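Colleague: predicted model, plus sequence, below.
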Amino acid sequence: MAHPTESLDDTIARLREDYRALLHRLESNQGEFQRLGRAAFRAQEEERRRISRELHDGLGQNLTALKHRLSLLAARDPLEAGWSEGLEEAIALCDSSLAETRELSRLLRPQILDDLGLEAALGWLGRSLGPASGLEVEVRVSPLPTLDGDLQTHAFRLVQEALANIARHASARKAWVSVRESAGCLRIEVGDDGRGFDVDSASERASRGESSGLGGMRDRLALYGGRMLVESGAGGTRIEAVVPLNGRAGTLAP
Ligand SMILES: Nc1ncnc2c1ncn2[C@@H]1O[C@H](COP(=O)(O)OP(=O)(O)OP(=O)(O)O)[C@@H](O)[C@H]1O
Ligand SMILES: [Mg+2]
């Protein structure tokens with residue numbers, strides 16, 4: 001509100017001061033929002049890590065023990081008539097359940113990401129997705145500075161969703177992933193030679209809550225002050241995500 005005795009210069013100085021205070025509050029609210037969002041994702045990853053371990057060490061070990069016992073029974077001599085076939089089937093069921101349990105455990109939280117880092121984990125992702133989906137996946141990771149654990153997880157989840165989309169929707173033959181550092185930013189590109197899609201109408205569907213993949217990628221990026229570009233057409237799709245590496249969760253200019 002204008003003060004009746006105030007000069008124009010005073011008014012401008014006061015407004016400038018108000019503006020600065022407002023900007024400061026806005027920035028600190030944004031920082032708080034980013035911190036909270038990152039903490040929520042960290043908690044989610046921790047939960048996934050726990051379930052992944054539980055699956056691997058609990059259910060996985062039980063299935064292994066069950067298979068062992070069945071194998072002992074199958075090796076008994078003489079075996080009652082009709083048992084042999086039933087036991088073989090039970091052992092085969094154990095094998096496929098074990099394989100599914102291991103795969104689920106790895107997808108939930110790949111141990112390799114914690115043990116060997118982003119490059120190894122992305123290599124594993126490309127190798128494991130390729131044969132199952134008939135896709136040829138090329139992964140290139142240029143030498144990177146040491147990344148904080150949350151950012152590695154974030155980059156991994158982003159590539160995981162982008163590749164899952166390619167496998168599910170693109171009808172592509174080839175996909176590629178490139179991760180590099182340039183101009184103080186982490187640059188992640190994921191592309192395919194598939195049929196492409198209408199990005200605007202997919203965004204509209206996402207805002208109606210009909211899908212969460214691309215929206216989730218953007219939300220995660222925003223928490224790190226990053227941004228994402230999606231280009232898609234008849235020749236395929238290319239996603240480029242850029243995240244500043246200076247440790248400050250600021251906002252990149254568009
Ligand atoms: N690489 C791609 N090639 C072709 N279409 C794609 C590609 N990536 C995304 N799309 C299209 O964009 C839509 C939105 O993708 P998004 O990941 O948000 O949702 P979704 O994969 O359908 O579901 P989910 O929430 O399980 O991820 C998809 O339904 C698909 O039509
Ligand atoms: Mg998706």
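Modeller: Thanks, I have the structure now. Ligands and ions are numbered 1, 2, ... in the order given.
Colleague: so which bits of the chain are right by ligand 1?
Modeller: 165-166, 168-170, 192, 194, 196-197, 202, 206, 211-215, 237 (Cβ under 6 Å from any ligand atom). The way it works is simple: take the backbone N, C-alpha and C, and place the C-beta from them, glycine included.
Colleague: buried ones only from the residues you listed, please, as a PyMOL command.
Modeller: Of those, the buried ones go into a single PyMOL selection, burial set by 16 or more other Cβ atoms under 10 Å:
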select buried, resi 165+166+169+170+192+194+196+202+206+213+214+215+237
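Colleague: show me the residues of the chain next to ligand 1 that map onto helices.
Modeller: Residues from those lying in helices, with DSSP state H as the criterion: 165, 202, 206, 213-215.
Colleague: tell me, which of those make contact with ligand 2?
Modeller: Among these, the ones lying near ligand 2 by Cβ under 5 Å from the ion are 165, 213.
Colleague: report the lowest-confidence entry in the ones in helices among the residues of the chain next to ligand 1.
Modeller: Sorting those by pLDDT puts residue 206 at the bottom of the list (86).
Colleague: and the next helix or strand past the helix or strand where residue 119 lies?
Modeller: Per DSSP states H and E: residue 119 is located in helix 118-133. Counting by DSSP H and E, the next helix or strand C-terminal to helix 118-133 is strand 136-141.
Colleague: what sits against the residue in the chain that ligand 2 sits nearest to?
Modeller: Residue nearest to ligand 2 within the chain: residue 213 (2.7 Å; Cβ to the ion). Residues near residue 213 by Cβ atoms under 8 Å, 6 or more residues apart in numbering: 161, 164-165.
Colleague: near ligand 2, which residues of the protein?
Modeller: Taking Cβ under 5 Å from the ion as the contact definition, the chain meets ligand 2 at 165, 213.
Colleague: where are the low-confidence patches of the chain?
Modeller: The chain contains residues with pLDDT under 70 at 1-3, 247-254.
Colleague: which parts of it belong to which domain?
Modeller: Here the domain parsing of the chain from automatic domain parsing is 1-109, 117-254.
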